[in-house]
Every structure is written in C-alpha cells, then in structure tokens.
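Participant: Coordinates only, no sequence provided:
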C-alpha cells in the first residue's frame, strides 16, 4: 500500500514543453525530497522541503523548480524540457524514523 | 566530502549461495545508515536503519551490520526473488535529514 504517490509513471514529451511531475503523500510528513536517478547510477538530491513554503536546492544542479503550498503536495516543474532532462525522478518524504519513496516518474524528452 | 561506496557493483549468485554486500562510508558525523531494495522501474523500498557501530538487524534472509567505517548486508541462502538492486545511504548530522546514496549493488540470484 503506497503512502506516497507519483504521477505520471511514464512520460514522453517533446523538447521545449513545460511539464509538472506530481508527488503527494498521506503520512503528514513535513520533509519531502526529489531525487534524480540515471540507470545504474546513485540517487542525487535535486530539491527538498522542510515544510509548507520551504524549498531548497539539493546537491545536484537542476533546471527544475518545486513548490510546497500544502504539506501533502510537492510538485516538480520543468519550464522547458530538454533531452538532457531524460531520467527517473523519485519523490520521497520522511519523519524521524526514515524515508518513504514513491514509485518514480520515468521522463523521456525527445 | 561525505561519500558512500558500494561493492561489488554486480553480484551473481546461485540459489542458496550465501554472500555479503559492502557499503563503505566517509562522513563527518553519521546520524544513520540505511539499506534499501530497489526493483526495476520502482522506487527504493526500506529495509533497515543502523545507528551505531556494533548494531545488527535482521529480516528474513537479510542481516545488516555496522562498523565505524562500513556496513555489510549479509544474504543467507538467497532465493531468485531476492534479485534486485540494494542501495546503501547515509544520513549526516547538520544536513537536514538528507540521504547520501551509494551507486548500489545489483544482485542476481539464479535458480
């Protein structure tokens, strides 16, 4: 039973399009994160939030932006998609005991 | 710089052949070490958290141990359904709960 939901699961989109990847959690966690993962590579943190109206950039530079207007919702937006944005995007939330990850969005920009 | 290195990158086992995965870390102050399992096309699934050297945790055929420099994930008598990528991550003090991941070990168990 998933407590953190990501949509869409798969997305193929043309260069220059604006896209928003959705992430919602039902656990009431204050902390939420976006990680980027390329095949066979480690997860890299691109954005995080400590609560409503809090957003920070992560360790890996990203052209995406995020917002946190509600505790349960942490969407990621790419204003103009490029082939270099092709990757898997994983959303997570955490409390003092650990992280819960969503199933991810596999993005392909053609 | 905080760093996590996993070895081997890939491991192929026969069903029932026990082995261990290694996670070496260099961090400024370890708050916790996490093990995750990741199946293809899915997000990581939580397995264990270890907080201090000497700590051990078990779940079915898996046992995780922690020293001051590394962690091991021991797999006893593995089955094909244990095939997955196993990820190690560390959480460091004063970095707001962020996880730093290793690149993972891809485990394949053949019947």
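Facilitator: Sure thing, it's come through. Because the structure is predicted, anything quoted here is derived from the model rather than measured.

Participant: all helices for chain A, in order.
Facilitator: In chain A, no segments count as helices under DSSP state H.

Participant: Would you mark the buried spots in the helix or strand bottoming out on mean pLDDT in chain B?
Facilitator: Within chain B, confidence by mean pLDDT, DSSP states H and E is lowest for strand B:99-101 among all helices and strands, at a mean of 91. Residues of strand B:99-101 classed as buried: B:99-101 (neighbour count, 16 or more other C-beta atoms under 10 Å in any protein chain shown). C-beta coordinates here come from the backbone N, C-alpha and C atoms, glycine included.

Participant: With stretch A:28-48 instead?
Facilitator: Neighbour-count burial for stretch A:28-48 [16+ other C-beta under 10 Å]: A:29, A:31-37, A:42-48.

Participant: which ones are touching residue 55?
Facilitator: Using chain A here. A:47-49, A:66-68 (C-beta atoms under 8 Å, 6 or more residues apart in numbering or on different chains).

Participant: oops, I was thinking of chain B
Facilitator: So residue B:55 contacts B:65-66 (C-beta under 8 Å, 6+ apart).

Participant: Contact residues of chain B facing chain A?
Facilitator: B:4, B:34, B:36, B:41-46, B:49, B:87, B:89, B:96-99, B:101-104, B:106 (C-beta under 8 Å from any C-beta of the partner chain).

Participant: picking that back up, right, and out of the contacts of residue A:55, which lies closest to chain B?
Facilitator: residue A:48 (6.5 Å; C-beta to the nearest C-beta).

Participant: Against residue A:62, how distant is that closest one?
Facilitator: 12 Å (C-beta to C-beta, to the nearest Å).

Participant: Next one: residue A:109 from residue A:56, what distance?
Facilitator: Counting by C-beta to C-beta - residue A:109 and residue A:56 are separated by 25 Å.

Participant: neighbour count winner among those two?
Facilitator: residue A:109 (20 against 13; other C-beta atoms under 10 Å in any protein chain shown).

Participant: Setting aside sequence neighbours, what's the nearest residue to the spatially most central residue of chain A?
Facilitator: For chain A, the residue sitting closest to the mean C-alpha position, by C-alpha atoms, centre = their mean, is residue A:34 at 3.7 Å. Using C-beta to C-beta, 6 or more residues apart in numbering or on different chains and skipping the chain neighbours, the partner closest in space to residue A:34 is residue A:47 (4.4 Å).

Participant: So that neighbour sits against residue A:33, correct?
Facilitator: Yes - contact criterion C-beta atoms under 8 Å: residue A:47 and residue A:33 qualify, at 7.1 Å.

Participant: Point me to the residue of chain B nearest chain A.
Facilitator: Counting by C-beta to the nearest C-beta, chain B gets nearest chain A through residue B:43, at 3.5 Å.

Participant: All good on my end, thank you.
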